[in-house]
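**Student:** Need coordinates for the following:
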Amino acid sequence: MKTTDSGAIVLVTDREGTVRLHRRSCRGAIQFEGRLARHGEANDMEYFRMHTIRALVAASLAAFVLASFACSRKEEPAASASQPASTAAQPAASPAPAPASAAQPSTALPAPAVPLASLPKIDPQRVLQHIKVMSSNKFEGRAPGTNGEELSVAYIETQFQDLKLKPGNPDGTFVQKVPLVGITATNTRPLTFVKGSQALGLKWKDDVVAWTKHVADSASIAKSDVIFAGYGVEAPEFNWNDFKDVEVKGKTIVVLVNDPPVPDPADAAKLDPRTFGGKAMTYYGRWTYKFEEGARKGAAAVLIVHEAERAGYPFSVVQGNLNEKFDIVTPDKNMGRVNIEGWITTEAARKLFALGGQDYDALKKKAVSRDFTPVPLSVQATMSIANKLRTIESRNVVAKLEGSDPALKDEYVAYSAHWDHLGVGAPVKGDSIYNGALDNASGVGTVLEIARAFTEVKPQPKRSILFLMVTAEEQGLLGSQYYSVTPLYPLAKTAANINIDGINQWGKTKDITVIGLGASDLDDYLRQAAQEQNRTLTADPEAEKGFYYRSDHFNFAKQGVPALDPDSGVDFVGKPADWGKKKRDEYTEHDYHAPSDEVKPDWDLSGAAEDAQLLFAVGYRVANADKLPEWKPGNEFKAKRDAMRK
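**Tutor:** So this is what the prediction gives:
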């Protein structure tokens, strides 16, 4: 669902307002540019390390200066309830976290010229109808390069035309072509671990899910020594190196998912916010980092041990990787990556460690320490994968509402949502179509309804509005990545990105969640609009899952464009305090990336409509503002934005 410019690392404020250092590289745009100069990745990380101390000093100074104002400011409402430590994100945390409300003062905004109540109303029934169409079985799960793409692109184009929006591509069309390579892996030789006369074979899909990113007919490992490398992290700013001086070139490394869960010295029941991100995942916890770091070390294969709580999703989600996977076509054909990337179940890991004469739980415990050193398992791994390759031109779909002010119409507010999902895959309870109703037909439907509202609003916005429906988000944010590095309109003149990836299907809330709360002035626009609904902003209640690095706004942010990533509120009207979290957990366990992600009879989009009304207001007000929104001081993307705006 929510998943991952060159990879510079600078000071940032994470979604809960903690001052952090984030390496601006992940499966998104960094993959595109990084692979054009593969060896540059090492330089990116070196830049990160060299500038860490400077950033930490800046963070400390910022916190010191701003703290004096904290007592006079109204605090942002606290995020809800407790969460377990999980996975799926990207950057690296600073040792000096601070709450968003203490580190980032709100920007004073003028009273809106058009009150929220006077704006055209978002119609939840229209949104629902779009969702029903795009998540129907006819659309076959909307995988790129399939008939589902043809139907999706045609449907979105037709909606844009019916709204009398202009083609968003300057070439006069509604599409931006995105070149992709599709790779479907099959297991031609099972993953087998051997120690002397003993052997352990893992069953494809049930015990191991693996692939290769090499654009080649096959990839393999043969009698590769297996080493347990803890969390697979090298982070000098935290004095952390899971590899020490152990050579892993040509070997298979087994690593744990997420960041090392280091206990807080002041309270062992909590995670140390000064080591990695506390409960909030950093880039080091992101699974993509594990594979990248393995490649930097020259490993032949990287296998991540899946634990549902730490990953933030069940193994069934990982199994979705056995379908065709796409990537942007790169000059080196991805040969700089490890031969085999994959996941194994916890049960399989226990058996592997036992084969090597080790106890999984004991080594896992040792890995939560700076003193940990890699443990050779005295086991060798063999595996072969065959690839079926095809190249396609997928499509982003884009429309434009031209601004009314001749002096400002060449500046843009961009709404985005990904139209793709997982297509047709392994049957679950007899159903093989992964419909993707919430993920993300709902986002497309909402952007289409916001577009309709923009065609009716008076006065018309001064700046132009872009409506961008991107492809291949489920493959690693590829459509937005491609747009961000080959934009149709200058990013320096793109005022903001507002991305919608999933909506609230459970009714009205007293709040709206902001992933990355405190990052930019867009939060202040949203706060102002929310106050007109008597609602508040809440920081990400599942920060440990790293949503900030898992959706398309991230590619805009990495290029310097202020980006807003909203999510459903957690405080549901008339419901117990923990009701929202329970519903999220139910969706994650049963419907996320599953054929059962379909429109349900009990869906209530009244809250989604209120959220969309706010996002409509934010874009409209930014489009009419006297100045463009900015990143907050200390944010990782501010320097990039400042440079492009000179």
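
**Student:** In the protein, which residue sits furthest out from the middle?
**Tutor:** Distance from the C-alpha centroid of the chain, by CA atoms, centre = their mean, peaks at Ser197 (44.0 Å).

**Student:** Give the rounded mean pLDDT of stretch 401-415.
**Tutor:** Averaging pLDDT along stretch 401-415 yields 98.

**Student:** who touches that stretch?
**Tutor:** Stretch 401-415 has contacts (CB atoms under 8 Å, 6 or more residues apart in numbering) with 165-166, 447, 450-451, 454-455, 459-468, 489, 493-500, 556, 561, 615, 619, 622-623, 628. C-beta: built from backbone N, CA, C; applies to glycine.

**Student:** Which parts of the stretch 501-646 of the chain are helices?
**Tutor:** Taking DSSP state H, counting those that start in this stretch as the test, the helices found in the stretch 501-646 of the chain are 522-531, 553-558, 579-590, 606-624, 638-644.

**Student:** what's the angle between the longest one and helix 522-531?
**Tutor:** I take that to be helix 606-624. Counting by axes from the mean of the first three to the mean of the last three CA atoms, to 10 degrees, helix 606-624 lies at 130 degrees to helix 522-531.

**Student:** quick one: buried residues of the strand or helix carrying Ala199?
**Tutor:** Per DSSP states H and E, Ala199 falls inside strand 198-201. For strand 198-201, the neighbour count (16 or more other CB atoms under 10 Å) marks Leu200 as buried.

**Student:** Repeat that for stretch 327-347.
**Tutor:** For stretch 327-347, by 16+ other CB under 10 Å, it's 327-330, 333-334, 336-346.

**Student:** Looking at those residues, which are in helices?
**Tutor:** Of the buried residues of stretch 327-347, the ones assigned to helices by DSSP state H are Thr346.

**Student:** Domain parsing of this structure, as residue ranges.
**Tutor:** 116-177+394-644, 182-389 (automatic domain parsing).

**Student:** Which of these has the highest mean neighbour count?
**Tutor:** domain 116-177+394-644 (a mean of 22; mean count of other CB atoms under 10 Å).

**Student:** Longest strand in the protein, please.
**Tutor:** Ranked by residue count, the top strand of the chain under DSSP state E comes out as strand 375-401.

**Student:** continuing past that strand, what's the next helix or strand?
**Tutor:** strand 412-418.

**Student:** Could you list every helix and strand that the next helix or strand after that following strand packs against?
**Tutor:** As assigned by DSSP H and E, the chain's next helix or strand after strand 412-418 is strand 423-428. Judged by 3 or more CB pairs under 8 Å, 6 or more residues apart in numbering; DSSP states H and E, strand 423-428 is in contact with strand 431-434.

**Student:** Give the partner strands of the strand it packs on in its sheet and their orientations.
**Tutor:** strand 423-428 (antiparallel) (DSSP bridges).

**Student:** gap between the partner strand and the chain center?
**Tutor:** 23 Å (CA atoms, centre = their mean, to the nearest Å).

**Student:** Quick one: residues in contact with that strand.
**Tutor:** 140-143, 146, 148, 205, 316, 319-320, 322-324, 432-434, 594-596.

**Student:** Try it again at 7 Å.
**Tutor:** Residues from elsewhere that reach strand 423-428, judged by CB atoms under 7 Å, 6 or more residues apart in numbering: 140-143, 146, 148, 319-320, 323, 432-434, 594-595.

**Student:** Where does pLDDT dip in this protein?
**Tutor:** Scanning the chain with the threshold set as pLDDT under 70 gives 1-105, 636.

**Student:** Dead centre of it: give me the residue that sits there.
**Tutor:** Mean-position check on the chain, CA atoms, centre = their mean. Result Arg550 at 0.7 Å.

**Student:** ok, back up a step: what's the distance between the residue farthest from the centre of the chain and Gly423?
**Tutor:** According to CB to CB, to the nearest Å, Ser197 stands 44 Å off from Gly423.

**Student:** Next: Glu292.
**Tutor:** Counting by CB to CB, the gap from Glu292 to Gly423 is 26 Å.

**Student:** before we move on, what about Leu614?
**Tutor:** 32 Å.

**Student:** same thing with Thr455?
**Tutor:** 32 Å.

**Student:** And Gln358, by the same measure?
**Tutor:** Using CB to CB, Gln358 is found at 40 Å from Gly423.

**Student:** what's the answer for Gly250, then?
**Tutor:** 35 Å.

**Student:** Val444 too?
**Tutor:** 16 Å.

**Student:** now Leu363
**Tutor:** Leu363 is 38 Å from Gly423, by CB to CB.

**Student:** Likewise for Lys388?
**Tutor:** Between Lys388 and Gly423 the distance is 15 Å, computed by CB to CB.
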